[in-house]
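>>> no FASTA, just this:
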C-alpha cells in the first residue's frame, strides 16, 4: 500500500460548519495522494446529501443518533440505536476496505469512530470549534491524531492546524480581487462598503437592526450589501423588499471569496469557519455571536477580537443605534481598518487543508 492508493473515509455532516472543512480536507487529499479513493459518510437528512455529491465526493449514510441531554425515552433507546449505527458504520468501513477514517464531528462520527477502533483502522480528527463537540471528545480517547482550528481548544492530543477551507478563500488576495468582486456583487468600486451576512440561514436580529439603520448608512456615504438568508427578505414600510440609497439586499451569495474581497467591513455571526476565514484573508469584521446554544460563537471570536482584528457586540446590544454610533465611524476610518486587517492576518492560517492531509498520511504510516 502507498499513499497513492489509499481508501480514505471522511465522516461528518449536519451543518455547513462540518461539511466545509470535510470537503476542503478531501480536496487536499486528492492533491497529496492522487490515486486515493475517497468516501464521505453522513446522515440521510443533513446538508451533506446535497453538498458532498456536488463536490464530486461519493456519499454513504448511516442513521442519525442524537445524544439526549436529559433523561427521556430517547435516552433509553440510545444503546440500541448506537449499536445499530456502529454496525452500519462497520459495514461501510469493511465494504470500502478503509485504510483511515477522518472525522470532523457531528452525529455521524461517534459510531464511525467506535467501528474504526474495533477494526484497528487509524482515526484522524479535526475539531472546528473552541468548545469541542461530544463526538470528537469521545474520539480523542481513541486516537492521538487530533487537530483543532483554534489554539485555545482543549482536546486530548490536540495540535493546532487551523481551519481547512476552500482554496478560493485561502488563496485570496483581497486588494487585487476587490474591483472584480465589487463588480460581480453589483457594488460601486469606490465607496466604503459594509457587507452583512447571518450565514446561509440568515439572522433575524441582525437583519432587523441593519434594516433600521439602512437610511443612516446611506446618508453617511456607505454602501451596504445585506445578505439576508434564504426566505428572509427584509420588508420595507410598503410591505415590499426594503429599499434605501446605498442599500441592496439579496438572499444568498454564491462564493464568499467575493464577499471577503469586496467588503471594507464584514458584519456576521461568529461561526468557526467565518472567524477562521476572516483571519486568513484579513478582512475587518464585526461579530454578533448567536445568543443561543453553549456560547461557542463568542469563544470562537475571542482570540481575533483580543488581537485587534475584529469587534464583538452581544446580540442584545446590536441595534440601529449601535450601528450609527460605532459601525458607521469604523467603516469610514481607513486607517483603523488597515490596522484591523493586519492584526487579523497575523492570526490567519491558510494551509490547514494541507496540514490535515499530511496528518492523515502520517496516521496511515504510523
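Done, it's in. Everything numeric in this text was worked out from a predicted model, so none of it was measured. Numbering: from 1, shown residues only.
>>> Now do the host helix or strand of residue 218: which elements does it pack against?
If you go by DSSP states H and E, residue 218 is part of helix 204-219. Secondary-structure packing of helix 204-219 (3 or more C-beta pairs under 8 Å, 6 or more residues apart in numbering; DSSP states H and E): strand 193-197, strand 223-227, strand 247-250, helix 320-322. C-betas here are computed from N, CA, C, even on glycine.
>>> Tabulate the ones you listed (CSV), appending distance to residue 155.
Listed next are those as CSV, based on distance: least, C-beta to C-beta, whole Å:
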stretch, distance to residue 155
strand 193-197, 29
strand 223-227, 32
strand 247-250, 38
helix 320-322, 35
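>>> closest one to residue 342 among those?
Nearest to residue 342, of all the helices and strands packed on helix 204-219, is strand 193-197, at 18.8 Å by C-beta to C-beta.
>>> relative to strand 223-227, how tilted is the closest one?
Angle between the axes of strand 193-197 and strand 223-227 is 10 degrees (criterion: axes from the mean of the first three to the mean of the last three C-alpha atoms, to 10 degrees).
>>> what mean pLDDT would you report for strand 193-197?
Across strand 193-197, the average pLDDT comes to 96.
>>> Surely residue 41 forms part of a strand?
Yes - the assignment for residue 41 by DSSP: H, G, I helix; E, B strand; the rest coil puts it in a strand.
>>> Name the nearest residue to it, ignoring sequence neighbours.
Excluding the flanking residues, the one nearest residue 41 by C-beta to C-beta, 6 or more residues apart in numbering is residue 11, at 4.5 Å.
>>> so how many other residues sit close to the one you found?
35 (other C-beta atoms under 10 Å).
>>> Is it bridged to anything, and to what?
Bridge pairing for residue 11 (DSSP bridges) gives the partners residue 41, residue 103.
>>> Same check on residue 312?
Assigned bridge partners for residue 312, using DSSP bridges, are residue 287.
>>> Against residue 16, how distant is it?
Note on residue 312: its distance to residue 16, by C-beta to C-beta, to the nearest Å, is 22 Å.
>>> next one: residue 286
Distance, residue 286 to residue 16, using C-beta to C-beta: 21 Å.
>>> again, but for residue 355
Residue 355 is 21 Å from residue 16, by C-beta to C-beta.
>>> what domains does the record give for the chain?
Residue ranges for each domain of the chain read 7-167+350-365, 172-347, as given by automatic domain parsing.
>>> and the end-to-end length of the last one?
Between the opening and closing residues of domain 172-347 lies a distance of 16 Å (C-alpha to C-alpha, to the nearest Å).
>>> circling back: would you mind putting the helices and strands packed on helix 204-219 into CSV with mean neighbour count and distance to residue 106 alongside?
Putting the helices and strands packed on helix 204-219 into CSV (neighbours: other C-beta atoms under 10 Å; distance: least, C-beta to C-beta, whole Å) gives the following:
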stretch, mean neighbour count, distance to residue 106
strand 193-197, 25, 23
strand 223-227, 24, 25
strand 247-250, 19, 29
helix 320-322, 16, 34
